[in-house]
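Trainee: next come a sequence and a model predicted from it.
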Amino acid sequence: MPEFQRAPYPTTRMRRIRRHDWARRMVAENALTAADLIWPWFVFDGNGRQRVDSLPGVDRLGADQIARQAVMACELGIPAIAVFPATDSKLKTEDAREATNADNLVCRTVRAIKAEVGDSLGVICDVALDPYSSHGHDGLVVGDYVVNDETVEVLCQQSIVQANAGCDIIAPSDMMDGRIGAIRTALDGAGKSDVQIMSYAAKYASAFYGPFRDAVGSSGNLAGGSKKTYQQSPTQSDEALHEVALDLAEGADSVMVKPGMPYLDIVHRVKSTFAVPTFAYQVSGEYAMICAAAQNGWLNRSQVMIESLMGFKRAGADGVLTYFAADAAKLLKADG
Ligand SMILES: NCc1[nH]cc(CCC(=O)O)c1CC(=O)O
Ligand SMILES: [Mg+2]
């Protein structure tokens, strides 16, 4: 903090700059725009929309909804969306082989988006096995352990099929060691050196992912099991910087911290330490919490939504993955 000369009361009146709206706008240090918002989507194999009880207002999208929603994202000025598949349970296996099917739900969705809006909208695909595995884990399980190197080989294949479908950003969310470097090499070898990697570098073993697991239908598969042998413990802070340093050295173009609001200290440390594109994921449980309080009439949904997103900007995030993306972009457009 800079040193200030002690002013005799009441020479310094902080309230002068807060008195009028124009003055508050004039001194604003941070701004939130639609370009800060990345919109996560859930898709299913079928048509129409399916509600997700624990994520009010977020529907799983059928094939006939994709094109319209992609156009809407563009019109709202949202730069990118992230696609997550609710895979038919009949397709879930121990080895999660559907993840590498070049015609799986995610790949079909990416092709449909690209056919409609092309390069006007960035498409992000998660890389991890949990939407496809019968045990709900992000990697291959041998005995009761999620094995690292064998999993990374499958993740490389998954990345290639998604890149071939037209995905712009591969986002590994699995927390295996060494996967960023391996995926970069695999993508380059497949002629996809233009495809970015946004690493879920500092991802915590969190109870805030509950509604997401309902949405992709993996909660039942995981059956109370935990991801603590690969996701970070909430006790850790320096360890997050170590994770980010490794992923950047392996070739990540941008990094992510996840969850968001309980980990804004990590967002701030990552951005101030590395000065690289840094994203945060306001995860499903954070969204559900705000919506539940708003539904009870205990919080003002719009105001809390914008305030929570501004918190990410203040902490140093360059963008936020949030289920509020469309609502927030609409509100910003109306206000702007
Ligand atoms: N690897 C899967 C994945 N990718 C994004 C989320 C959570 C996102 C959210 O809660 O909104 C998860 C869940 C998990 O790790 O169990
Ligand atoms: Mg790592």
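Mentor: On my side now, so go ahead. Numbers count the residues shown, from 1 in each chain. Ligands and ions are numbered 1, 2, ... in the order given.
Trainee: I'd like the distance between residue 68 and residue 75.
Mentor: According to Cβ to Cβ, to the nearest Å, residue 68 and residue 75 sit 11 Å apart. Just so you know, the C-beta spots here come from the backbone N, C-alpha and C atoms, and that holds for glycine as well.
Trainee: which secondary element of this protein has the worst mean pLDDT?
Mentor: helix 219-222 (a mean of 84; mean pLDDT, DSSP states H and E).
Trainee: which other helices and strands does it contact?
Mentor: helix 210-215 (3 or more Cβ pairs under 8 Å, 6 or more residues apart in numbering; DSSP states H and E).
Trainee: all helices of the stretch 151-300 of the chain, in order?
Mentor: 179-189, 210-215, 219-222, 238-249, 264-274, 284-295 (DSSP state H, counting those that start in this stretch).
Trainee: of those, which stretch is the most buried?
Mentor: helix 210-215 (a mean of 21; mean count of other Cβ atoms under 10 Å).
Trainee: for it, list the C-alpha coordinates in PDB.
Mentor: What follows is helix 210-215, C-alpha atoms only, in PDB (Å, rounded to 0.1, in the frame of the first residue of the first chain):
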ATOM      1  CA  GLY A 210     -22.800 -31.800  -7.300                       C
ATOM      2  CA  PRO A 211     -25.400 -30.400  -9.800                       C
ATOM      3  CA  PHE A 212     -23.000 -30.800 -12.700                       C
ATOM      4  CA  ARG A 213     -22.800 -34.500 -11.900                       C
ATOM      5  CA  ASP A 214     -26.600 -34.600 -12.000                       C
ATOM      6  CA  ALA A 215     -26.600 -32.800 -15.300                       C
END
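Trainee: can we start the residue count at 507 from this point?
Mentor: With 507 as the first residue, the last one maps to helix 716-721.
Trainee: that one near ligand 1 at all?
Mentor: Yes - shown here: helix 716-721 in contact with ligand 1 (Cβ under 6 Å from any ligand atom) through 718, 719.
Trainee: give me the mean pLDDT for that helix.
Mentor: Mean per-residue pLDDT for helix 716-721: 94.
Trainee: neighbouring contacts of that helix?
Mentor: Helix 716-721 has contacts (Cβ atoms under 8 Å, 6 or more residues apart in numbering) with 548, 558-561, 564, 566, 590, 592, 642, 725, 728, 789-791, 793-794.
Trainee: give me every residue that touches the residue in the stretch 507-656 of the chain that ligand 1 sits nearest to.
Mentor: Evaluated by Cβ to the nearest ligand atom, the stretch 507-656 of the chain has residue 634 as its residue closest to ligand 1, separated by 3.6 Å. Counting by Cβ under 8 Å, 6+ apart, residue 634 touches 644, 645, 661, 678, 679, 680.
Trainee: inside strands: which ones of those?
Mentor: Counting by DSSP state E, the part of the contacts of residue 634 found in strands is residue 678.
Trainee: make CSV out of the contacts of residue 634 and add distance to residue 690 and neighbour count.
Mentor: Listed next are the contacts of residue 634 as CSV, based on distance: Cβ to Cβ, whole Å; neighbours: other Cβ atoms under 10 Å:
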residue, distance to residue 690, neighbour count
644, 19, 25
645, 19, 28
661, 12, 26
678, 10, 28
679, 16, 19
680, 15, 25
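Trainee: rewinding a little: roughly how far is the least confident helix or strand of the chain from the heart of the chain?
Mentor: Mean-position distance between helix 725-728 and its chain equals 21 Å (Cα atoms, centre = their mean, to the nearest Å).
Trainee: hang on, the earlier thing: lowest mean pLDDT across the helices of the stretch 657-806 of the chain, which one is that?
Mentor: What stands lowest among the helices of the stretch 657-806 of the chain, in mean pLDDT terms, is helix 725-728, with a mean of 84.
Trainee: ok so, going back, I'd like the helices of the stretch 657-806 of the chain as CSV, with distance to residue 533 appended.
Mentor: Shown next, in CSV, are those (distance: least, Cβ to Cβ, whole Å):
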stretch, distance to residue 533
helix 685-695, 40
helix 716-721, 37
helix 725-728, 46
helix 744-755, 32
helix 770-780, 21
helix 790-801, 27
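Trainee: which one of those lies closest to residue 655?
Mentor: The closest of the helices of the stretch 657-806 of the chain to residue 655 is helix 685-695. By Cβ to Cβ, the value is 8.9 Å.
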